[in-house]
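K.L.:
Next input, structure requested:
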Amino acid sequence: MTERSRSVLKRDLMQAHASGDAGRLAELYFTVACAEETGGRTDAACFFLTQAYVFALDAGSRHAS
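P.N.:
Below you'll find the model as predicted:
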């Protein structure tokens, strides 16, 4: 993941948190988790995947089942 894409992702996360958009947060945290896994950072990937799951539950997403 490039520095630019990290910056955009961070901005998007902050906006989604500010607006309380749980569905968008689930998507964004899943994206971060995938990037961390690709980079070999398994512990970080697990943390972000857990966050994605929690927000998916909160949003009532079918991905949480």
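
K.L.:
Can you report how many residues neighbour Glu27?
P.N.:
19 (other C-beta atoms under 10 Å). The C-beta positions use only the backbone N, C-alpha and C, and glycine is treated the same way.

K.L.:
That should have said Ser65, apologies.
P.N.:
Ser65: 7 neighbours (other C-beta under 10 Å).

K.L.:
Let me know the helix or strand that the residue nearest the centre of the chain is in.
P.N.:
In the chain, the centroid-proximal residue (C-alpha atoms, centre = their mean) is Tyr29; its distance is 0.4 Å. Element membership of Tyr29, judged by DSSP states H and E, is helix 22-38.

K.L.:
Mind giving me the packing neighbours of that helix?
P.N.:
For helix 22-38, the packing partners by 3 or more C-beta pairs under 8 Å, 6 or more residues apart in numbering; DSSP states H and E come out as helix 3-19, helix 42-59.

K.L.:
The shortest one to helix 22-38, inter-axis angle?
P.N.:
Relative orientation of helix 3-19 and helix 22-38, computed by axes from the mean of the first three to the mean of the last three C-alpha atoms, to 10 degrees: 150 degrees.

K.L.:
cool, and the last one?
P.N.:
Comparing the axes of helix 42-59 and helix 22-38 via the same axes, to 10 degrees yields an angle of 160 degrees.

K.L.:
Tell me which of the helices and strands packed on helix 22-38 sits most buried.
P.N.:
helix 42-59 (a mean of 16; mean count of other C-beta atoms under 10 Å).

K.L.:
just to revisit the earlier point, can you name the residues in contact with the helix holding Tyr29?
P.N.:
If you take C-beta atoms under 8 Å, 6 or more residues apart in numbering as the criterion, helix 22-38 is touched by 1, 9, 12-13, 16-17, 42, 44-49, 51-53, 55-56, 58-59, 61, 63-64.
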